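> Predicted coordinates and the sequence they were generated for:
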Protein chains: 2
Amino acid sequence: MKIGQVSDKSGLPTKTIRYYESIGLIAPAGRTAAGYRAYDKNDLETLKFIQRARSLGFSIQEVSALLMLWNDRNRASAQVKELAKRHVEEIDRKVAELQSMKETLSTLIDKCHGDDRPNCPILNDLANAR
Amino acid sequence: MKIGQVSDKSGLPTKTIRYYESIGLIAPAGRTAAGYRAYDKNDLETLKFIQRARSLGFSIQEVSALLMLWNDRNRASAQVKELAKRHVEEIDRKVAELQSMKETLSTLIDKCHGDDRPNCPILNDLANAR
DNA sequence: ACTTGACCTTCCCATTACTGGAAGCTCCAT
DNA sequence: ATGGAGCTTCCAGTAATGGGAAGGTCAAGT
């Protein structure tokens, strides 16, 4: 398979696949006589794995760790679980931060008339600490 | 005031203040005879405004728009409200995405024994589409 | 045989919002 | 006068791509 095909099947842009190779996340692909990257089923599975892990918000660093664990037949599942749990905690932190922002903003938005008049509690609040 | 002092009072690192100047978010600061940046109360208020807007998750682009609205005595509050509402929608989208990730991950984590044995539903799921 | 167009290659730059560090100047206190 | 804190500029790096140029390759259509 050429890069465009694994791109279609994995859902990763060709640019991204080359990037993953350049940073060492995946091993350099084989090449055809013409210099085109050549992928086999195994490579495709790896790319799909990466795509799914990324879609769950794992960083490239974390994906790298997951790939190693995936390729280690004897790793303890506790290691994977630990990694995943830390990631969920990270997600929780982000959600909490976003929701705190939203709360503040929603309050301000409710107080703002939103008409032609210039007076605006949103700007007033940003201008003055509370 | 020199940059270190407005930094302390605004909560923005000196690096960041210089960066904001370099990208044109704030006007170039005045200078002392020695070439140090000099700020007045007004500048400080602007920096505080920026800091608060950033802490609510507004992008620099949005902060720039907010600053213009703030400096426009005659703008309609509707414009500000609109900008804020769109930002809240953006936050909602991010929260939804994060929570969807979290849900998937939590399910997988629950299914994983997390002991010394290698079998791990988390990796299995990442490896096989479902 | 030739050309077109879709792929492929590498390379470099841009993005967002900073952060770190080096080399060097200034100011203030001892 | 010497030391250290704070200031200056400039360069480079971060995460994870995306855009686009310049050029090679391949299969199909004329």
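Thanks, I have the structure now.
> mind giving me the domain ranges of chain A?
Structurally, chain A divides into domains by automatic domain parsing as follows: A:1-58, A:76-130.
> Could you tell me which residues of chain A lie near DNA strand C?
A:2-5, A:7, A:14, A:18, A:29, A:35-37 (CB under 7 Å from any atom of the strand). C-beta here means a position set from N, CA and C on the backbone, and glycine is covered the same way.
> For chain B, which of the domains of chain A is the nearest?
domain A:76-130 (3.7 Å; CB to the nearest CB).
> Any idea how far that closest one is from the middle of the chain?
Its chain's C-alpha centre and that of domain A:76-130 lie 20 Å apart, by CA atoms, centre = their mean, to the nearest Å.
> May I see the buried residues of stretch A:122-130?
A:122-123, A:125-126 (16 or more other CB atoms under 10 Å in any protein chain shown).
> And the average pLDDT for stretch A:107-126 is what?
Averaging pLDDT along stretch A:107-126 gives 93.
> re earlier: which pair of the residues of chain A next to DNA strand C spans the longest distance?
Farthest-apart pair in the residues of chain A next to DNA strand C is A:7 and A:35; separation 17.5 Å (CB to CB).
> Would you single out the least confident of the domains of chain A?
Per-stretch mean pLDDT for these is lowest at domain A:76-130 (a mean of 93).
> how about it, does it reach DNA strand D?
No - Domain A:76-130 lies out of reach of DNA strand D by CB under 7 Å from any atom of the strand, never closer than 11.3 Å.
> where's the residue of chain A positioned farthest from its centre relative to DNA strand C, distance?
Within chain A, the residue lying farthest from the chain centre (CA atoms, centre = their mean) is residue A:117, at 42.3 Å. Distance, residue A:117 to DNA strand C, by CB to the nearest atom of the strand, to the nearest Å: 30 Å.
> Which one of the residues in chain A is closest to DNA strand C?
residue A:4 (2.6 Å; CB to the nearest atom of the strand).
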